[in-house]
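Colleague: Could you work out the structure for the sequence below:
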Amino acid sequence: MKRFVVIVLSIVLVLSLSISAFAATSDGVATNTGGAAGGPSLLLGIYNSSDKKITVIPAKDIGIFTIYSLDKIPENDQTSFLKASEEAGNITDRTIRSLYYLWIPESYKQIDGFAYVRYPFTCAGKNITFTVNGKEMEVCPISENSWYAKLTEFGTILITCD
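Modeller: Purely as a prediction, here's the structure:
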């Protein structure tokens, strides 16, 4: 009888695991290969200068790539991504939370009224710095360890904190 109960409880445990338990994340940011074929479960809002949402970029149009998917990064950006990755390895006075490449189609950048894309992320730490291609972006709090960055450009993202 004990074996039967153990087997039943084991089956229930396995069946209760959600698929999100197996999703690869890096500080709250999905790190799957992104793009049209199986993009991250992340929606990004496009906002105007009055902080009003204009539209949403669907997950299928967002590409998030890590060093493990370097071949999916546009060729002209691969070198700068590798350089940023190397420079991040030399940072000693801050904690590196994430390093990845963010891609969206050009058509979204051309929308009338485009001011920024609100990019949500989680990060535990103080003095959070969010850079895109080496340029610091404005970071705003949502809750204790949740933030969003106002992205005015896209490419190599580096998130660090104290």
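
Colleague: switch to C-alpha atoms for all contacts and neighbour counts from now on
Modeller: Will do.

Colleague: The residue nearest to A149 when sequence neighbours are not counted: neighbouring residues, count only.
Modeller: Of all residues not flanking A149 in the chain, V139 sits nearest, at 4.4 Å (CA to CA, 6 or more residues apart in numbering). Other residues lying near V139 total 20 when counted by other CA atoms under 10 Å.

Colleague: how about V139, what does it touch?
Modeller: Under the criterion of CA atoms under 8 Å, 6 or more residues apart in numbering, the contact list for V139 reads 128-130, 147-150.

Colleague: and if we set it to 7 Å?
Modeller: 130, 147-150 (CA atoms under 7 Å, 6 or more residues apart in numbering).

Colleague: So what are the sheet partners of the lengthiest strand in the chain and their directions?
Modeller: With DSSP state E applied, the strand covering the greatest number of residues in the chain is identified as strand 95-103. Taking DSSP bridges as the criterion, strand 95-103 pairs within the sheet with strand 63-65 (antiparallel), strand 156-161 (antiparallel).

Colleague: okay, those strands in TSV with distance to C123 and mean neighbour count next?
Modeller: Compiled in TSV, the strands paired with strand 95-103 are given as follows (distance: least, CA to CA, whole Å; neighbours: other CA atoms under 10 Å):
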stretch	distance to C123	mean neighbour count
strand 63-65	17	24
strand 156-161	8	21
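
Colleague: can you redo those strands as a markdown table with mean pLDDT and distance to S85?
Modeller: Below are these laid out as a markdown table (pLDDT from 0 to 100; distance: least, CA to CA, whole Å):
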| stretch | mean pLDDT | distance to S85 |
| --- | --- | --- |
| strand 63-65 | 89 | 13 |
| strand 156-161 | 89 | 9 |
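
Colleague: May I see those strands organised as TSV, with distance to T79 added?
Modeller: As requested, these are arranged in TSV below (distance: least, CA to CA, whole Å):
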stretch	distance to T79
strand 63-65	14
strand 156-161	11
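
Colleague: In the protein, what residue spans correspond to strands?
Modeller: Assigned by DSSP E, the strands in the chain fall at 25-26, 29-30, 44-47, 53-57, 63-65, 95-103, 116-122, 129-132, 135-136, 138-141, 146-151, 156-161.

Colleague: So which of the ones you listed is the most surrounded?
Modeller: Between these, the one whose residues have the most neighbours on average, counting mean count of other CA atoms under 10 Å, is strand 63-65 (a mean of 24).

Colleague: Show me how far that strand is from its chain's centre.
Modeller: Averaging C-alpha positions (CA atoms, centre = their mean, to the nearest Å) puts strand 63-65 8 Å from its chain's average.
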